[in-house]
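Colleague: Sequence unavailable; structure follows:
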C-alpha cells in the first residue's frame, strides 16, 4: 500500500485513432452479390459506412499504446474490496488508480501498461471483424433495394400510361374545336 505524497509509476494506456481496411469490401466500398438466378448486383458496403454517410473503404478504431507516468499520490481511498489512489494529471484534473496499476519501478509499470494496451487492441480488432447489427443482413439489403427498383419501375410505367392517356384527350379536344 502506498501513502500520500509517495511517488509511484502509473500504468495505463492512451489512444490514437487508426484506420484499417474494411473487412467486408476490402476498400472497394461496394459488395457484389450473386442472386439465385446467378445474376449479380452491387450494393454499397454497410460495413464501412457511418450513419447516412457513403462507404469509406476503411473502418476506424482506437489503438491503445502504453502510457507510463511518474505520479504523486494526493489521496488514498480504502474500500472493502480495493484501495484507490487519487493523483493530479496537470491539465486533466484528478484521476483514480487502483493498486494493481501502480508500481515502484518504471519497468514494472511498462509491463502492466503493455498488457492493458494489448488486451484492448485485441478486443477492438476482433470487434471490427464481426457484425454488430445483425438485424439487417446483406441479403436483406439486396432484397429491399431490388424491391425499391421494382416499385420505382412500376411507378414510372404508371406515370407514362397516365401521360399517354392525357395525350389522347388533348387530340380529342383539338378535333372538337
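Modeller: Great, that's in hand. Since we're looking at a predicted model, the values are computed, not measured. Numbering: from 1, shown residues only.
Colleague: Sketch out the strands for the chain, chain order is fine.
Modeller: 7-21, 30-34, 40-44, 58-72, 75-78, 83-89, 93-98, 102-103 (DSSP state E).
Colleague: winner for burial among the ones you listed?
Modeller: Of those, the one with the most neighbours on average (mean count of other CB atoms under 10 Å) is strand 102-103, at a mean of 21. Glycine gets a C-beta too; all of them are placed from N, C-alpha and C.
Colleague: bridging residues for residue 76?
Modeller: With DSSP bridges as the criterion, residue 76 is bridged to residue 85.
Colleague: how much space between it and residue 70?
Modeller: Relative to residue 70, residue 76 is positioned 18 Å away (CB to CB, to the nearest Å).
Colleague: Nearest approach to residue 155 belongs to which of the strands of the chain?
Modeller: Closest approach to residue 155 among the strands of the chain is made by strand 40-44 (20.1 Å; CB to CB).
Colleague: pLDDT of the closest one, averaged?
Modeller: Per-residue pLDDT over strand 40-44 has a mean of 90.
Colleague: Could you point out which residue ranges in the chain have low pLDDT?
Modeller: 129-136, 138-139, 141, 166-177 (pLDDT under 70).
Colleague: Residue 33 reaches residue 44, doesn't it?
Modeller: No. Between residue 33 and residue 44 there is no contact under CB atoms under 8 Å: 11.3 Å.
Colleague: related to what we said a few turns ago, the strands of the chain: which one's closest to residue 126?
Modeller: Short answer: strand 58-72, nearest of those by CB to CB, at 10.4 Å.
Colleague: Note down every partner strand of the closest one and its orientation.
Modeller: Using DSSP bridges, the strands paired with strand 58-72 are strand 7-21 (antiparallel).
Colleague: Contacts for the strand it pairs with next, please.
Modeller: Strand 7-21 is contacted from outside by 2, 27, 57-73, 85, 87, 97, 101-106, 108-113, 116-117, 120, 125, 128, using CB atoms under 8 Å, 6 or more residues apart in numbering.
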